[in-house]
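Q: Below are the sequence and a predicted model for it; my questions follow.
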Amino acid sequence: MKKKTIHIKQWLKAFGFALLTVVFIKSFLFWVYVVPSSSMEKSLLPGDLILVNKMSYGIRLPITPLTFPLSHQKMPFNSSLNSYSDIIQFPYVRLFASKVERNDVVVFNYPMEDDLPIDHRSFYIKRCVGLPGETLTIDKKQVFINDSLLTFPAQLSFDYKVKSTKKLSLDTLLKYGITEGRADGKNSYHLTLSDSVKEVLSQLKYITSIKPLNINKGNYADYVFPFNENYKWNVDFFGPLEVPAEGKTVMLTKENICFYKRLIEKYEENELDILPNSFVINGDTTNTYTFKMDYYFMMGDNRHNSSDSRFWGFVPESHIVGKASSILLSLNKSPKAKSYYRWSRSFKGVE
């Protein structure tokens, strides 16, 4: 009996040590993220298991310490129970901090989930296109940074109107790697294509036309940031917009407060009152504000099918989790897939 008790204690110690090691690695070093949507196609595909380097931009210390190990939002054995308690909330601190670089593919916490602690908000993965202090403009789908054209990523995708002399079956579309789209009339289709796939389709004899689906300049989209009719922007024509930077002071006006209200109140935790001719921040009347941290502008490579900064604004530095470094494995859950595993994508770097 004594020997059995010793074995149990040894097993529990080994299990506890292993659990602590995994928790430490997940919290501070690396973790695996599964791409859930098509917003980064074709650079990343749904089902890609991504290794996230949490040290790339510095180690973000836990904000919600009372969390069930290896969980995120809900308990693993009961999805109706939160896996954390927000009774204790630590301030945002990042050790050995370094800047996000342009075109990095970044995993971050979705900023709009105000009812959740920062480190328990949903994970998003996008490409960083706008850095702190830069001015970003989207003109005819092209991104300009400080008036300089930003080179498109190799696998960037847009929506096109495709016409054919025959019906395009699902097998035909999958053959050319087309996973998003719909029929739009007889032998007419609304498809999401990268430049390389568009070029291949254009060579097929039964494809009669491929035309981009364009949105006109000035067509106001009320679901696009900053959700204000004074800025008649849409996903193809957006900005100019300056990305806030730590230490940068801006003049506040009734016209531009729509850009900064959420940053001041939610991300930097100030009390803001908007008066007819001035603003009151934490009890002080002012017409200026100095940002406490850096912000970033993120976009998906699937430009017409991505929920990104064009729809909800800036990503605060405090929400950055890490850099997507490599694809460990890729799972294809499509019912028409010939193989469940995309072996050719395994152990590839994320570009």
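A: Structure's in. What do you need?

Q: contacts, neighbours, all on C-alpha from now
A: Noted.

Q: looking at it, R94 is touching I59, isn't it?
A: Yes - with contact defined as C-alpha atoms under 8 Å, R94 counts as touching I59 (5.3 Å).

Q: Which one's more surrounded, these two?
A: Each of R94 and I59 has its neighbours counted (other C-alpha atoms under 10 Å); I59 has more, 21 against 17.

Q: what's the closest non-adjacent residue to N287?
A: Spatially, and ignoring its direct neighbours in sequence, N287 is nearest to L252 (5.1 Å; C-alpha to C-alpha, 6 or more residues apart in numbering).

Q: any chance you could map the helices in the protein?
A: Assigned by DSSP state H, the helices in the chain fall at 2-24, 170-175, 195-202, 257-262, 309-312.

Q: rank the ones you listed by mean pLDDT and give me the bottom one.
A: In terms of mean pLDDT, the lowest-scoring of the helices of the chain is helix 2-24 (a mean of 61).

Q: Now for D147: which residues touch it?
A: Going by C-alpha atoms under 8 Å, 6 or more residues apart in numbering, D147 touches T135, L136, T137.

Q: Now with 7 Å, please.
A: Counting by C-alpha atoms under 7 Å, 6 or more residues apart in numbering, D147 touches no other residue.

Q: I87 versus that one, what's the distance?
A: Distance, D147 to I87, using C-alpha to C-alpha, to the nearest Å: 46 Å.

Q: In the protein, where is pLDDT below threshold?
A: 1-30, 334-339 (pLDDT under 70).

Q: Would you mind splitting it into its domains for me?
A: Here the chain is described, according to automatic domain parsing, as comprising the domains 1-117+319-351, 157-212, 249-290.

Q: what's the distance between the spatially closest residue to T165 that is not a sequence neighbour and K186?
A: Excluding the flanking residues, the one nearest T165 by C-alpha to C-alpha, 6+ apart is Y206, at 5.2 Å. Using C-alpha to C-alpha, Y206 is found at 14 Å from K186.

Q: more neighbours, the two?
A: Neighbours per residue, other C-alpha under 10 Å: of Y206 and K186, the larger number sits with Y206, 14 against 11.

Q: so how far is V162 from the more buried one?
A: 11 Å.

Q: Give me the buried positions along the lengthiest strand in the chain.
A: Using DSSP state E to define each element, the chain has its longest strand at strand 320-330. Across strand 320-330, burial judged by 16 or more other C-alpha atoms under 10 Å covers I320, V321, G322, K323, A324, S325, S326, I327, L328, L329, S330.

Q: Wait, the fourth one touches L51, no?
A: No - distance between K323 and L51: 8.5 Å, which falls outside the contact criterion (C-alpha atoms under 7 Å).

Q: coming back round to it: show me the one of the domains of the chain that comes nearest P226.
A: Comparing the domains of the chain against P226 with C-alpha to C-alpha, the closest turns out to be domain 249-290 (5.9 Å).

Q: quick one on the thing from earlier: distance to Y33 for the buried residues of strand 320-330 - can I get that in TSV?
A: Formatted as TSV, the buried residues of strand 320-330 follow (distance: C-alpha to C-alpha, whole Å):
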residue	distance to Y33
I320	14
V321	11
G322	11
K323	11
A324	9
S325	11
S326	11
I327	10
L328	10
L329	11
S330	11
